[in-house]
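Asker: sequence and computational prediction follow.
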Amino acid sequence: MANQKPHAIVFPYPYQGHITPMINLCLKLASRNLIITFIPLEFNHHSISKAHDLPADADIFTGARNAGLNTCYNAISDGFPFDFDRDGNDDL
């Protein structure tokens, strides 16, 4: 157990202004030998992928993993369809 690396599980707040700084923090921590698991909402994953023009089988940390950083990425559902108006219903 003494040889295990620290592992951070990151759930970014689901608004765009919070996701990019959280990604940068995760990359910084991963570069310091931490294992990072980043878990955005599927809706935000779709937005991130579209904004960064990522292929369907890639995520924002694909390049980091290819560079040897220990990062995992797993989008989860918020229970709403993609066309649900999240901005108009933020009081739910």
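Answerer: Received the coordinates, thanks.
Asker: what are the ranges of the strands in this structure?
Answerer: 7-10, 35-38, 71-73 (DSSP state E).
Asker: now for L25, how many residues are close by?
Answerer: Neighbour count of L25, defined by other C-beta atoms under 10 Å: 14. For every residue, glycine as well, the C-beta is placed using N, CA and C.
Asker: name the nearest residue to P6, sequence neighbours excluded.
Answerer: Spatial nearest neighbour of P6, excluding adjacent residues (C-beta to C-beta, 6 or more residues apart in numbering): L34 at 4.9 Å.
Asker: so can I have JSON lines of the strands of the chain showing mean pLDDT?
Answerer: Output for those, formatted as JSON lines (pLDDT from 0 to 100):
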{"stretch": "strand 7-10", "mean pLDDT": "95"}
{"stretch": "strand 35-38", "mean pLDDT": "96"}
{"stretch": "strand 71-73", "mean pLDDT": "93"}
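Asker: for those strands, which one sits closest to S49?
Answerer: Closest approach to S49 among the strands of the chain (C-beta to C-beta): strand 71-73, 10.7 Å.
Asker: now do the closest one: which elements does it pack against?
Answerer: Other elements packing on strand 71-73 under the criterion 3 or more C-beta pairs under 8 Å, 6 or more residues apart in numbering; DSSP states H and E are helix 16-31, strand 35-38.
Asker: now do the longest one, average pLDDT.
Answerer: On average, the pLDDT along helix 16-31 is 88.
Asker: deepest of the helices and strands packed on strand 71-73, which one?
Answerer: Counting by mean count of other C-beta atoms under 10 Å, strand 35-38 has the highest mean neighbour count of the helices and strands packed on strand 71-73, with a mean of 20.
Asker: list of residues touching that strand?
Answerer: Strand 35-38 has contacts (C-beta atoms under 8 Å, 6 or more residues apart in numbering) with 5-10, 12, 22-23, 26, 29-30, 60-61, 69-74.
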